[in-house]
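[1] All I have is the shape, not the residue letters:
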DNA sequence: AAAGCACATATTGTCGACAATATAGAGATT
DNA sequence: AATCTCTATATTGTCGACAATATGTGCTTT
């Protein structure tokens, strides 16, 4: 169950994949830049086969684009891409919230409420540097709480890293601080009331606002 | 644009991937069975590296599950899995229909209407053996018509092959013939009227009915 | 007899080398 | 001068061999 959150690399290809993904998402490897297999294999001190496997996995995350016999490049971010990404995210996370309202155990709901109050303390004390981690954790729990494997996989393996990449590239460390917190609170209330429809609607709005906020930065 | 429909294999790993996917989806390789790398490499006359890459891609389609140092098995189908799959499909294809109503060109809408009338002829003449291909084509066009790359990729690379696999395993060659046709007709009308909300709702119902139909077979 | 341990075996993970392909640049041609 | 062709080079695709790991078998021990 927690396997989605604590990805523990067991194989060398795993480690290389996680490292590369981190480097791309956090901007250490620039969008549009080429991923040379030989270069990376010397850099990370592994064989080319390992790097190839890592790049293949990055491709399925939509973090790199690969052309046969040519190579892989880190995706370039575009305003259209951001809009399309948030369209999908709105739909999927809305669905996750709806399912979570039905499928989360009482204990999981309690933990979500605890997380929220911790979050509240941090916001009150102005510890905005915990923001991103807190926000990611909040969304993660609801996604996992949906108990739908396909949904979980698409969001956590696919969408989320791209979202983070956009945030980093646009220089937005965390989400909108105080307003986002209120939105989180209402979503949790709806889930605690087992009101799936409301939870979905609130989550969709929450993500829509978030998109609008990011779009402002883009222009 | 058409790249999603006409996947042309250029590399040896591509061909192996397509072949394996076909064999799994069409039931030539049974659910739950082990995919031995050495065995497959002799069977398809390619190196183990090629087979490994193909299996990796199958894993990202959720057609096989892999455990490190142990190997890959074809997924086993469960009633819960089917329900979760159709939950996601309902949401995503509903979204696709909504976006298609906005983003399809007039020409694409015309082609969709043409396809539908061809389909109608076939149903009238009782050529139900064209059913599945026609149904798949219908859904494909709307998905591609959404013009959302993420959505297209998730549905066509991920969901659809699993759906087909369930259909084959449950012995349902095509979808429900006559009623499904009417549903298709209404969806196209909504798209032609550029009524995204209605198109989404009708598509969701269409998939819901389809799910109910399959669930009956499961018990 | 059941449980635990050690070892043999088969499978996956990793590696370096070779083959096939794309790209850039020099030279030839109009 | 511009374009085309050919070649050299670098990169990716493929392969077979070796290393590391998991699993099953037989033995030992209680």
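    Perfect, I can see it now. All values reported here derive from a predicted model rather than from experimental measurement.

[2] all contacts plus neighbour counts: C-alpha atoms, from now on.
    Noted.

[3] The helix or strand hosting residue A:65 packs against which elements?
    According to DSSP states H and E, residue A:65 maps onto strand A:64-67. With contacts taken as 3 or more CA pairs under 8 Å, 6 or more residues apart in numbering or on different chains; DSSP states H and E, strand A:64-67 sits against helix A:48-60, strand A:71-74.

[4] how about a markdown table for these, with mean pLDDT and distance to residue B:140 added?
    Putting the helices and strands packed on strand A:64-67 into a markdown table (pLDDT from 0 to 100; distance: least, CA to CA, whole Å) gives the following:
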| stretch | mean pLDDT | distance to residue B:140 |
| --- | --- | --- |
| helix A:48-60 | 97 | 20 |
| strand A:71-74 | 96 | 27 |
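
[5] In CSV: the ones you listed, plus mean neighbour count.
    Listed next are the helices and strands packed on strand A:64-67 as CSV, based on neighbours: other CA atoms under 10 Å in any protein chain shown:
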stretch, mean neighbour count
helix A:48-60, 21
strand A:71-74, 20
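
[6] What residues does chain A have near DNA strand D?
    Residues of chain A lying close to DNA strand D (CA under 7 Å from any atom of the strand) are A:35-38, A:49, A:67-72.

[7] In the longest helix along chain A, which of the residues would be classed as buried?
    Determined from DSSP state H, the single longest helix within chain A is helix A:79-103. Buried residues in helix A:79-103, counted by 16 or more other CA atoms under 10 Å in any protein chain shown: A:82-103.

[8] Does residue A:45 fall in a helix, a strand, or a coil region?
    coil (DSSP: H, G, I helix; E, B strand; the rest coil).

[9] What's the local residue count around it?
    Using other CA atoms under 10 Å in any protein chain shown, residue A:45 has 12 neighbouring residues.

[10] returning to that earlier point: from the residues of chain A next to DNA strand D, which are also near DNA strand C?
    A:49, A:68-70.

[11] ok, of those residues, which one's closest to residue B:195?
    Nearest to residue B:195, judged by CA to CA, of those is residue A:68 at 40.1 Å.

[12] Let me see the contact set for that closest one.
    The contact partners of residue A:68, by CA atoms under 8 Å, 6 or more residues apart in numbering or on different chains, come to B:10-11.

[13] for the helix or strand where residue A:153 lies, packing partners?
    Assessed by DSSP H and E, residue A:153 sits inside helix A:149-153. Helix A:149-153 sits against helix A:131-145, helix B:79-103, with contacts defined as 3+ CA pairs under 8 Å, 6+ apart.

[14] Please identify which helix or strand holds the closest residue to residue A:186 other than its chain neighbours.
    Nearest non-adjacent residue to residue A:186, counting by CA to CA, 6 or more residues apart in numbering or on different chains: residue A:202, 7.4 Å away. For residue A:202, the element it lies in under DSSP H and E is helix A:196-218.

[15] Same question for that helix: list its buried residues.
    A:196-204, A:206-209, A:211, A:214.

[16] interface residues of chain A facing chain B?
    Contacts of chain A with chain B, taken as CA under 8 Å from any CA of the partner chain, map to A:10-11, A:53, A:60, A:68, A:84-85, A:88, A:91-92, A:95, A:148-151, A:154.

[17] of all those residues, which comes closest to DNA strand C?
    residue A:11 (3.9 Å; CA to the nearest atom of the strand).

[18] quick one: the residue nearest the centre of chain A from residue A:136, how far?
    Residue closest to the average C-alpha location in chain A (CA atoms, centre = their mean): residue A:160, at 2.1 Å. Noted for residue A:160: a distance of 9 Å to residue A:136, by CA to CA, to the nearest Å.

[19] now residue A:27
    Counting by CA to CA, the gap from residue A:27 to residue A:136 is 18 Å.

[20] Show me the shaky parts of chain A.
    A:1-7, A:126-131, A:173-178 (pLDDT under 70).

[21] Quick one: end-to-end length of stretch A:167-181, please.
    For stretch A:167-181, the first-to-last residue distance is 18 Å (CA to CA).

[22] I'd like the helices and strands packed on helix A:149-153 as CSV, with distance to DNA strand C appended.
    Below are those laid out as CSV (distance: least, CA to the nearest atom of the strand, whole Å):
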stretch, distance to DNA strand C
helix A:131-145, 25
helix B:79-103, 24
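
[23] To residue A:184, which of those helices lies closest?
    Of all the helices and strands packed on helix A:149-153, helix A:131-145 sits nearest to residue A:184, with 8.1 Å by CA to CA.

[24] how big is the angle separating that closest one from helix A:196-218?
    150 degrees (axes from the mean of the first three to the mean of the last three CA atoms, to 10 degrees).
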